[in-house]
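> sequence first, predicted coordinates after that:
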Amino acid sequence: MDKEDKRKKRPTDKKDEQLEKYRHKNTGPGKKMTDDNAVKVSNDETILKAGRRGPALLQDFHYYKKITSFTRERIPEKVVHARGFGVYGDFEAYKSLSHLTTAHFLNEAGRKTPVFTRFSTFQGSKGSKDTAVDIRGFAVKFYTQEGNHDMLSLQFPVFIVADAMKFLDVVHAAKPNPVFEIPQATTAHDNFWDYIANNQEATHMVTWLMSMRGRPRSWRMMAGWPINTFRFVNEQGKSTFVRFKWEPKLGVHSLMLDEANIIGGVDPDYHRRDMIEAVRKGVYPEYELGIQMIPEEDEFKYDFDVLDDTKLWPEEVVPVEYIGKMTLNRLIDNFFAEEEQSVFDPAHVVPGIDFSNDPVLQGRAIAYRDTELYRQHTANINSIPVNKPLVERNFNFRDSYSRYRIDVDSVHYHNNSLAGNTPSESSPEEGGYVHYSGKVDGHVTRENPSDSFTDFFTQPRIFWNSLSAVEQQDLTVCLLFHLQNVQSESVRQQNVDLWANVDEGLGNELAENLGVNPPTGTNVPVDTSYPSLSQFNTPYLAETQKVAVLIGNGFNDHEVNSTLNSLKQNDVFFEIVSEHLGFVTGANGTRIKVDGTFITKYAVLYDALYVVGGNVDDQDKFAQDVYDFVFNAYRFYQPIGVATTGEAYIKTSQQNNLAGVIFAKNNPNFGREFIEAIAHQRFWNRT
């Protein structure tokens, strides 16, 4: 199926077929308004009154229903990951993993499983912004033939706490100050950095958070790790420790700090809009699912504890094996019904996948269901259509709020004789879930599982060592942005001393810019680095990069049409930006529809520019707007294509080397070179 067909035909699967019976269209020819009791409404605009100028009457049941429905539309937002967006798709297994796990959806090459994926931000409220420097959720619900399996990932391979007991504390510290409820969707405040300095196991994740990975360019260009250690269990009952990873086809790419901050103001829905555009255009986001495995007998072989979520499993030490691909190809129909009511729970596992004794996972397995029981005020959360499994469910759970299923059995307990002791239990051979029978010994304790849990700085140091000079400088600037908003000099000093453990030079640079003393210590003596930790070793593609075409009237028809066709052929998205909405017209009469103006569009919303220029009503204003776009694209190291009519907008001097600026004049290879520059994405050698 080519992309034009994808745009016309909505992908469907068994989950889509299940949802179809819940969809309802209220508008259309002949549709008459009713209330929720199916009574037709004669007046939906004015309240019933005693006389034209009199008071309202209590008998106006239509108004009562309308207003009480309205005042109950909202439910409590999630405590964390409140702001999110969901997309449907499918997962296809590359190979059978039956030698490792009995999980049905992983046991046959080519087997497809419907999925629902929710992307989210951790700190901000539901109405905050997409581009905050923040932890991202990347949760996938597999609608398998054995029930739903939920895989809850973050865009980092490590977590901020090593034990679930501290989750309340770190969330309280990260959220807005409780006195004034500010700042929103940012950790640039005293409480968070006071917590980090005094709970140093958080250092590793915060190093990732302050890096480019804390500011993804797109959810389509963001990796995901479930961070917890699980077990694969095969038919023989053999267990293998496993961690999962999602790898985006487009590579891992990020926004610069200033870009993220500006976009948060001009388009807080930037990531949502980006996902919607890609799916609608048929350039479906794709992610490979990888696994890292450690045999049970090798549990203590490594210098990290397999149960410690503040430590990653280096891919150079524990290789990633890619086992399948997820394609996101169908948008939701109703945000509240599908996204807001969706539920993800680490305890939603299927036979063949089990928990390890990971202290964070053990706590998460309880907490997620509880928060949804409170938030949605019902025990029937898995009967909500988006959460509903595809397979038959027989259970003795009963009642609670919003119970729509009508259970007709008079027997609703186990064991029983009246119903032949049904619903009956399933043996492992029949697909019954059986927990792994692992050996447990020791005394009741609150001790850490091992001493390596308190090695807070080795892996952050390795991460720092693995970054390019550009990435290190970016991380430093991001730390400064946050710490310069900390009012307490003591907290700033504590953080300087903390970060010196990661890199002494970093600690000194922070001190110099934070008005505190240089650190007294130095970094841990670790020289190890891993190429897999640098974003600079990711794929670079032109596909779905977004170009602003800055254009007026009188352009070179052939040149512009040729360039736009080249962008289309390479699945590069573009928007036509000009002085007014309507059309711009070329020298030979070609008319191109304008998508936006300089009033509504900003340079930071694009990955590259195509500067065409042209004639408009207010030539001076147009020139200044183009200059502003070029200035911002240049300072953010983005590629710039320059038409023969656009050279006047590129100011050259001995101070700039014009790296990544491609000129069309006397260049028969302009189209190819511009596409290559777009794929390159950032020209860090630019001056």
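Received it, and whenever you're ready, just let me know what you need. Residues are numbered from 1 along each chain as shown.
> residues in contact with the residue nearest the centre of the chain?
In the chain, the residue lying closest to the centroid (Cα atoms, centre = their mean) is residue 119, at 3.7 Å. Contacts for residue 119 (Cβ atoms under 8 Å, 6 or more residues apart in numbering) come out as 84, 85, 86, 87, 136, 137, 138, 139, 219, 222, 271, 275. C-beta here means a position set from N, CA and C on the backbone, and glycine is covered the same way.
> cool, residue 526 as well?
Under the criterion of Cβ under 8 Å, 6+ apart, the contact list for residue 526 reads 458, 461, 462, 465.
> filter the residues you listed to the buried ones?
Buried by 16 or more other Cβ atoms under 10 Å: 458, 461, 462, 465, out of the contacts of residue 526.
> mind listing which of those are in strands?
Of these, none are assigned to strands by DSSP state E.
> now render these as CSV, adding distance to residue 237 and pLDDT.
Below are the buried ones among the contacts of residue 526 laid out as CSV (distance: Cβ to Cβ, whole Å; pLDDT from 0 to 100):
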residue, distance to residue 237, pLDDT
458, 35, 98
461, 39, 98
462, 36, 98
465, 41, 98
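> distance to residue 321 added to these, as TSV?
Converted to TSV, these look like this (distance: Cβ to Cβ, whole Å):
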residue	distance to residue 321
458	26
461	27
462	22
465	26
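> closest to residue 33 out of those residues?
Using Cβ to Cβ, residue 462 comes nearest to residue 33 of the buried ones among the contacts of residue 526, at 63.2 Å.
> who touches stretch 21-34?
40, 41, 44, 333, 337, 385.
> mind putting these into a markdown table with pLDDT?
Conversion of the contacts of stretch 21-34 to a markdown table gives the following (pLDDT from 0 to 100):
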| residue | pLDDT |
| --- | --- |
| 40 | 96 |
| 41 | 97 |
| 44 | 96 |
| 333 | 97 |
| 337 | 97 |
| 385 | 97 |
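> hmm, which of the contacts of residue 119 are the buried ones?
Neighbour counting over the contacts of residue 119 (16+ other Cβ under 10 Å) leaves 84, 85, 86, 87, 136, 137, 138, 139, 219, 222, 271, 275 as the buried ones.
> which one of these sits closest to residue 171?
The closest of the buried ones among the contacts of residue 119 to residue 171 turns out to be residue 137 (Cβ to Cβ; 13.5 Å).
> so the closest one, which state does it fall into?
Assigned by DSSP: H, G, I helix; E, B strand; the rest coil, the conformation of residue 137 is strand.
> which ones are touching it?
81, 84, 118, 119, 120, 121, 122, 152, 153, 154.
> mind checking the backbone torsions on the third one?
Note on residue 118: backbone dihedrals following degrees, to the nearest 10 are phi -120, psi 120.
> residue 553: which of the buried ones among the contacts of residue 526 is nearest?
Lowest distance from residue 553 to those (Cβ to Cβ) belongs to residue 465, with 54.0 Å.
> my read: the closest one touches residue 528, true?
Yes: between residue 465 and residue 528 there is a contact at 6.5 Å, judged by Cβ atoms under 8 Å.
> in the sheet, who's paired with the residue nearest to the centre of the chain?
According to DSSP bridges, the partner residues bridging residue 119 are residue 85, residue 138.
> where's residue 364, which helix or strand?
Using DSSP states H and E, residue 364 sits within helix 359-376.
> which other helices and strands contact that helix?
Packing partners of helix 359-376 (3 or more Cβ pairs under 8 Å, 6 or more residues apart in numbering; DSSP states H and E): helix 167-174, strand 353-355.
> go again using 10 Å as the cut-off
Judged by 3 or more Cβ pairs under 10 Å, 6 or more residues apart in numbering; DSSP states H and E, helix 359-376 is in contact with strand 147-154, helix 167-174, strand 353-355.
> got the residue ranges for the helices in the stretch 101-250 of the chain?
Taking DSSP state H, counting those that start in this stretch as the criterion, the stretch 101-250 of the chain contains helices spanning 167-174, 190-198, 203-210.
> save the ones you listed as TSV, and put in mean pLDDT and mean neighbour count too.
TSV is the format used below for the helices of the stretch 101-250 of the chain (pLDDT from 0 to 100; neighbours: other Cβ atoms under 10 Å):
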stretch	mean pLDDT	mean neighbour count
helix 167-174	97	16
helix 190-198	98	20
helix 203-210	98	25
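> let's have those in a markdown table, adding distance to residue 227.
Formatted as a markdown table, those follow (distance: least, Cβ to Cβ, whole Å):
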| stretch | distance to residue 227 |
| --- | --- |
| helix 167-174 | 13 |
| helix 190-198 | 18 |
| helix 203-210 | 9 |
